[in-house]
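[1] Fold the stuff below for me.
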Amino acid sequence: MIKKISTIQLVPGMTVAEDVFTYDRQLILSKGTILNDRLIMKLDLYGILTIFIEGSVSASSSEVSPQEQTYLQRIKEDPVFPVFKREYEISVDFLQENIKRVIKGSLKLDINELLKGVLRVLGVDRGRIGILDLLQNMRAFDSSTFSHSINVALICNLLAGWLKWDTKRVELATACGLFHDIGKIQVPHAIITKPGRLSAKELAVIQQHPALGCQLLISQNADEHICNAALMHHERCDGSGYPTGLKGDQIDPYAKLVAIVDVYDAMTAPRVYRGPLCPFRVIELFEAEGFQKYEVAYLLAFMENVVNSYIQSPCLLSDGRKGTIIYINKSHLSRPIVQCGTEYVNLLEHPDLSIVSLL
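    All right, here's what the predicted structure looks like:
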């Protein structure tokens, strides 16, 4: 039996029933391919929403490994976390309440007011804990479109800062991240959360969310870049994205920035078969396939700063050894040098090894 299912429901071991193409007809996966975690992430990277698989679709629950649990628990037990969590949840709730009223027509969109909530989250004294670590732990509490929007806004703020943009541009990038998925909120919730098969009509509705978001933002007199980020965040520099297959300089620079962060947040999120994904796994995929699809300068700045934030972090290698990340290889960011006891393991020299989780 062949079924069409949402990529968010995919599980390693499923068999691809039909060839999978990008929106400009590039072959991504061939019929008969057995899915693994990396291939599922690849579909996220290409913005694929649904594919055909063979056999039945059974429900599963997210499993967090003991190693991942150690990492998440360490963050949760820090006194910073409840303060961050409170401000984060206030921001998510405020965004949800306001956007729903805007869509109903009972409230005018106040971008500056909604941005204040995000800036309050950023203003929490986090000590030595990075915001990416805190966001990883928040996934256990909320995985809604609204929390994703807050995540993307926060990380867009980081990336714009890493790119040395001025204060005004950093705030605009933050707003672009905050409202990039506003069109998805206009898609019926039953379609967004539907497990299993999506009809052709339902798929078409989901694919309309960039245009829906742009139209809503234009009606609210939002900045042109915010409107473009909503419309273009699924476009890719090589023309493989949607809704219109734009290339390179045809894509708004703020939309290019949001595109990277949007995919990163999606790929590090929990799946039905696993907990939150180790950032080094995502960086590895970006290195392998991201440079044609994303603005190179933005992608490099993002990857370099993400991995550098984990220097001196404990980790688990794929052979079961525990160690500490002590040096980042600039030529291959996902393969740092890890100290395991008295031994120094250069992952660049050991292609059979990788970091599977942070501890």
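[2] Can you tell me the element Asp93 falls in?
    The secondary structure element spanning Asp93 is helix 80-104 (assigned by DSSP states H and E).
[3] Return the list of helices and strands in contact with that helix.
    Contacts of helix 80-104 with other secondary structure elements, assessed using 3 or more C-beta pairs under 8 Å, 6 or more residues apart in numbering; DSSP states H and E, are made with helix 111-122, helix 131-138, helix 145-162. C-beta coordinates here come from the backbone N, C-alpha and C atoms, glycine included.
[4] got those helices as CSV, with mean neighbour count and distance to Ile2 columns?
    Rendered in CSV, the data for the helices and strands packed on helix 80-104 read as follows (neighbours: other C-beta atoms under 10 Å; distance: least, C-beta to C-beta, whole Å):
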stretch, mean neighbour count, distance to Ile2
helix 111-122, 17, 43
helix 131-138, 21, 36
helix 145-162, 24, 29
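[5] Turn those helices into JSON lines, including mean pLDDT and distance to Leu45.
    Written out in JSON lines, the entries for the helices and strands packed on helix 80-104 read as follows (pLDDT from 0 to 100; distance: least, C-beta to C-beta, whole Å):
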{"stretch": "helix 111-122", "mean pLDDT": "93", "distance to Leu45": "26"}
{"stretch": "helix 131-138", "mean pLDDT": "85", "distance to Leu45": "19"}
{"stretch": "helix 145-162", "mean pLDDT": "95", "distance to Leu45": "16"}
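[6] just for this protein, where's the confidence low?
    When residues are selected by pLDDT under 70, those of the chain lie in 8, 23-24, 56-71, 139-143, 192-198, 271-275.
[7] Can you tell me the element the spatially most central residue of it falls in?
    To find the centre residue of the chain, average its C-alpha atoms and take the closest one (C-alpha atoms, centre = their mean): that gives Asp265, at 1.8 Å. Using DSSP H and E, Asp265 maps to helix 253-268.
[8] now that helix against helix 131-138, angle please.
    With axes from the mean of the first three to the mean of the last three C-alpha atoms, to 10 degrees applied, the angle from helix 253-268 to helix 131-138 works out at 50 degrees.
[9] dump the residue contacts of Leu29.
    Under the criterion of C-beta atoms under 8 Å, 6 or more residues apart in numbering, the contact partners of Leu29 comprise Val16, Asp19, Val20, Leu39, Lys42, Leu43, Ile51.
[10] ok, so what distance separates the nearest residue to the third one once chain neighbours are set aside from Val16?
    By the measure of C-beta to C-beta, 6 or more residues apart in numbering, the closest residue to Val20 outside its immediate chain neighbours is Leu29, 4.2 Å from it. From Leu29 over to Val16 the distance is 5 Å, taken as C-beta to C-beta, to the nearest Å.
[11] shared neighbours of these two, anything?
    For the pair Leu29 and Val16, residues contacting each of them under the criterion C-beta under 8 Å, 6+ apart are Ile51.
[12] Residue ranges of each domain in the protein, please.
    Listed by automatic domain parsing, the domain ranges of the chain are 2-54, 66-277, 311-358.
[13] out of those domains, deepest packed?
    Taking mean count of other C-beta atoms under 10 Å as the contact definition, the stretch among the domains of the chain with the greatest mean neighbour count is domain 66-277, which reaches a mean of 19.
[14] For Gly323, give the beta-bridge partners.
    Beta bridges link Gly323 to Cys315, judged by DSSP bridges.
[15] Make sure it is actually in contact with Ile337.
    No: counting by C-beta atoms under 8 Å, no contact exists between Gly323 and Ile337, whose distance comes to 9.4 Å.
[16] quick one: common contacting residues for these two?
    Counting by C-beta under 8 Å, 6+ apart, the shared contacts of Gly323 and Ile337 are Val345.
[17] looking at the helices and strands packed on helix 80-104, which is closest to Cys315?
    Counting by C-beta to C-beta, Cys315 lies closest to helix 131-138 out of the helices and strands packed on helix 80-104; the figure is 13.0 Å.
[18] That closest one to helix 111-122, inter-axis angle?
    Between the axis of helix 131-138 and that of helix 111-122 there is an angle of 90 degrees, by the same axes, to 10 degrees.
[19] Extract the CA atoms of helix 131-138 and return them as CSV.
    Below are the C-alpha coordinates for helix 131-138, written out as CSV (Å, rounded to 0.1, in the frame of the first residue of the first chain):
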residue,chain,number,x,y,z
ILE,A,131,20.3,30.9,24.1
LEU,A,132,20.5,27.9,21.7
ASP,A,133,20.8,25.6,24.7
LEU,A,134,17.8,27.1,26.4
LEU,A,135,15.7,26.9,23.2
GLN,A,136,16.6,23.2,22.9
ASN,A,137,15.1,22.6,26.3
MET,A,138,11.9,24.6,25.6
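[20] rewinding a little: now render the domains of the chain as JSON lines, adding distance to Ala288.
    Formatted as JSON lines, the entries for these read as follows, by distance: least, C-beta to C-beta, whole Å:
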{"stretch": "domain 2-54", "distance to Ala288": "9"}
{"stretch": "domain 66-277", "distance to Ala288": "13"}
{"stretch": "domain 311-358", "distance to Ala288": "9"}
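[21] Which one, of the ones you listed, ends up nearest to Glu289?
    Comparing the domains of the chain against Glu289 with C-beta to C-beta, the closest turns out to be domain 2-54 (6.0 Å).
[22] wait, what's in contact with the residue nearest to Gly127 when sequence neighbours are not counted?
    Counting by C-beta to C-beta, 6+ apart, the nearest residue to Gly127 once its immediate chain neighbours are dropped is Val80, at 5.4 Å. By C-beta under 8 Å, 6+ apart, the contact list for Val80 reads Val124, Asp125, Arg126, Gly127, Ile129, Leu134.
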